[in-house]
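S.K.: would you be able to build a 3D model of this:
(one chain, ligands or ions: 1)
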Amino acid sequence: MTKLSMSRRRFLQSTGAAAIWLPTTVKGYTASEIQALYVDGEMQEDVSKWELDTPCLCVDLDLLESNIAAMESTVNQNGIASRPHAKTHKTPVIAQMQLDSGSVGICTAKISEAEAMYQNGIDEILMTTTNVTPTKIRRAMNLRQENPRFVQATDSSQNARLLSEAASAMGITADVVVDVDPGGHRTGITPGAPALELAQLIDSLPSLNLRGLLCYDGGSQHVKGFEERKNQTLERLAGATDTFDLFNQSGLSTEIFSGGGTGTYNIDHETRGLTDVQVGSYVFMDAQYIDIGGETDKDVYSDFAASLTILTTVLNDQYEGRVTTDAGAKACTINRPWARVKGETGMSYTSGSDEFGTLRYEDNASRSYRVGEKLELIVSHCDPVVNLYNQMYAIRNDRVEAVWQIAARGMSA
Ligand SMILES: Cc1ncc(COP(=O)(O)O)c(C=O)c1O
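M.R.: You can find the predicted model right below:
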């Protein structure tokens, strides 16, 4: 095992007061070198995260594991389950960790995402988006043919008929859930009678098997303030519970009643009938979620820790009050609020420029950075950031413990 040539502390100390410091003794590893060092699930060398080539995506394993455990503990206590959304991490290893911790399955947003998960050993998949084109319907039914645990959402009678025809052509019976609209009108059918009619149609179609319903209230997830969020989402999910009752009264399956997200995970059990939460962001957290406030901490949503960071290097420190880094829009996205420098105060970061990030110091800046130094950013919004990277470095105590392929990265169709 090669020991680290320089610790982070010495790395930082060695910058001293010099105006420009260029590392000479830190080895540094490219993405492909690190990948080659990860053999049969083990790193062949001891590599510090500070030696990774940047920009790159890191996940802190202790924080990731504690987020997954915290979610399981809360949903279990509340008598429901988690069915985490893989659109957030797109990484089969993380999906497997979630399943191992007790999740009843995973969700996917896109058929290509579902295919990538299945190809990497994950089979309990609920696809939460309706597939409407012949190509995608065919792919969904192909996947169902290979994987009997695949469940597809649908939100119209026309779509249900097309699904049934495609399933018949393949000689299978496909499992489906009805997507119910919580009022945002993004996807889903109107709750109550329209949703019931669709469920009855599904029940009557020869090649479909109704498993229940889903209702994802995206509009409530980032409402600031716990009470405000709670009132809004419970009100908006009331129609889904009415639909759940109608299904039951008509003898239709309500085995699955999925909904909710990271912002409402500890509220959703109060929606009667709901079986599981489709939580996504909780594994990583991000600046968008940190700002919404929690039940105990009104200002900061501290239920889960920010495990996902982007590592970036300072490229220029020659100008007063600012430095330029190598993580711009292509590494961080231009989502707002902007990414934040982990562990620092009195600094703001922007990534509006394609290739460059700008770190500005305020009067109370905790420190300043020099050329060649690296810093860590808490991401603005985790899902689109993950989609920018091929691999993610799993870090424990600042050491690279694993290199995870983001197998569904770019799977947006
Ligand atoms: C249908 C659906 N379910 C669940 C989620 C997960 O939400 P969150 O990341 O807020 O937990 C999303 C996110 O957009 C979604 O679109």
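
S.K.: which residues of the stretch 101-250 of the chain fall in helices?
M.R.: 111-119, 134-146, 157-169, 193-204, 218-221, 226-236, 238-249 (DSSP state H, counting those that start in this stretch).

S.K.: which one of those lies nearest to the ligand?
M.R.: helix 218-221 (4.3 Å; C-beta to the nearest ligand atom). C-beta: built from backbone N, CA, C; applies to glycine.

S.K.: and that closest one, is it in reach of the ligand?
M.R.: Yes - using C-beta under 6 Å from any ligand atom, helix 218-221 comes into contact with the ligand via 218, 221.

S.K.: list the buried residues for that helix?
M.R.: Judged by neighbour count (16 or more other C-beta atoms under 10 Å), helix 218-221 contains these buried residues: 220-221.

S.K.: what helices and strands are in contact with it?
M.R.: Other elements packing on helix 218-221 under the criterion 3 or more C-beta pairs under 8 Å, 6 or more residues apart in numbering; DSSP states H and E are helix 226-236.

S.K.: what comes up buried for the helix it packs on?
M.R.: Those would be 226, 229-230, 232-234, 236, for helix 226-236 by 16+ other C-beta under 10 Å.

S.K.: quick check: mean pLDDT across that helix?
M.R.: If you average the pLDDT over helix 226-236, you get 98.

S.K.: quick check, that helix touching the ligand?
M.R.: No - Helix 226-236 lies out of reach of the ligand by C-beta under 6 Å from any ligand atom, never closer than 11.5 Å.

S.K.: by contact count, what packs against that helix?
M.R.: If you count contacts as 3+ C-beta pairs under 8 Å, 6+ apart, helix 226-236 packs onto helix 218-221.

S.K.: pLDDT averaged over the helix it packs on - what is it?
M.R.: Taken as a whole, helix 218-221 carries a mean pLDDT of 98.

S.K.: residues making contact with it?
M.R.: With C-beta atoms under 8 Å, 6 or more residues apart in numbering as the test, helix 218-221 has contacts from 182-184, 186, 229, 232-233, 236, 261-264.

S.K.: state the mean pLDDT of the host helix or strand of Leu359.
M.R.: Assigned by DSSP states H and E, Leu359 belongs to strand 357-361. Averaged over strand 357-361, pLDDT sits at 98.

S.K.: what of stretch 395-407?
M.R.: 98.

S.K.: quick check: next helix or strand after the longest helix that the chain contains?
M.R.: The helix spanning the most residues in the chain, taking DSSP state H as the definition, is helix 61-77. Beyond helix 61-77 in the direction of the C-terminus, DSSP H and E gives the next helix or strand as strand 81-82.

S.K.: from the contacts of helix 218-221, which two are the most distant?
M.R.: By the measure C-beta to C-beta, Gly183 and Thr262 form the most distant pair in these, at 19.5 Å.
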